[in-house]
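Student: With the input below, show me the fold.
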Amino acid sequence: MPHQLLDIAKLKVGDSASLSRTISESDIYQYAGITGDMNPVHMDEEYARQTPFGGRIAHGMLCAGLVGAVMGMKLPGPGAIYQGQTLSFLAPVRIGDTITATAEIIEIGPKKKSAQLKTTCINQNGVAVLEGVASVLLPRKRRVDDTTSQ
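Tutor: Numbers count the residues shown, from 1 in each chain. Modelled structure (predicted):
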């Protein structure tokens, strides 16, 4: 599959990229199966109704994973290495919510070897559900993965 590659030399503070995904019940079950996090607030509607959330919510790290997808696939993109992340979970994410994850460059390190990115996730109502700051190593060399290039 061809990748849209960015020229690292052209990256600048303020550049941003986003992706959106509607969270499904299947996403929650698959995430729980992969991680082993079967907390009933995610898995059991009857239990979750008794919590302050009033019903099931998605795993917070499921949304954080969307941030990782933005950084790995869009900005800075393929070859970037996630070094660290601060996260604040601000509001619950429910089945059927459409989450838009955004990464925005807020700092570029010396010689463009690393970057800091503001990370946010908002739901379809414009409510911020996650925010934080990520550190990434920028790729040194890009390989074009497009077999149509000669």
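Student: and Leu11, what is it in contact with?
Tutor: Pro76, Ile105, Ile108, Lys112, Ala115, Leu138 (C-beta atoms under 8 Å, 6 or more residues apart in numbering). All C-beta spots, glycine's among them, are computed from the backbone N, C-alpha and C.
Student: what residues are up against the residue positioned nearest the centre of the chain?
Tutor: The structure's the chain has its C-alpha centroid closest to Val67; by C-alpha atoms, centre = their mean the separation is 1.2 Å. For Val67, the contacting residues are Gln85, Ala101, Ala103, Thr119, Cys121, Leu130, Gly132, Ala134, by C-beta under 8 Å, 6+ apart.
Student: Glu25: which of those residues is nearest?
Tutor: Of all the contacts of Val67, Glu25 sits closest to Cys121, with 18.8 Å by C-beta to C-beta.
Student: For whichever strand or helix holds Ser88, the averaged confidence score.
Tutor: Assigned by DSSP states H and E, Ser88 belongs to strand 81-89. Computed over strand 81-89, the mean pLDDT rounds to 95.
Student: Could you list the paired strands of the helix or strand following that strand along with their orientation?
Tutor: Going down the chain from strand 81-89, the next helix or strand is strand 98-108, by DSSP H and E. Pairing partners of strand 98-108, with direction, according to DSSP bridges: strand 16-22 (antiparallel), strand 114-122 (antiparallel).
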